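A.B. asks: following is a predicted model, sequence given first.
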Amino acid sequence: MTGPEDLLAIVPARGGSKGIRGKNLIRIGDRPLLGHTLDALRASGVATRIVVSSDDPPVGRCAA
């Protein structure tokens, strides 16, 4: 059985976007947008495991 300390976070990160193409890989400061998202999730401490789901190999490599 899992408890609240065993939370899985799933981050959907598509390669395409209706508004901004490749937005998850666009650099904001020193990191891509996806990197900022993952940093914030890690810093929150709410999840013990993080999985990034993507349809785009470059986005997948960025998440690794």
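C.D. replies: That came in fine, so what should we check first?

A.B. asks: and residue 24, helix, strand or coil?
C.D. replies: helix (DSSP: H, G, I helix; E, B strand; the rest coil).

A.B. asks: give the contact list for the nearest residue to it once chain neighbours are set aside.
C.D. replies: Excluding its sequence neighbours, the residue lying closest to residue 24 (C-beta to C-beta, 6 or more residues apart in numbering) is residue 34, at 4.3 Å. For glycine as for every other residue, the C-beta is placed from the backbone atoms N, C-alpha and C. Counting by C-beta atoms under 8 Å, 6 or more residues apart in numbering, residue 34 makes contact with 11, 13, 24, 25, 52, 59, 62, 63.

A.B. asks: and residue 62, by the same measure?
C.D. replies: 24, 25, 32, 34, 35.

A.B. asks: for residue 53, same thing?
C.D. replies: 10, 11, 12, 13.

A.B. asks: ok, residue 38 next?
C.D. replies: 11, 50, 52, 63.

A.B. asks: can you say which helix or strand has it in it?
C.D. replies: helix 33-44 (DSSP states H and E).

A.B. asks: much appreciated, bye for now.
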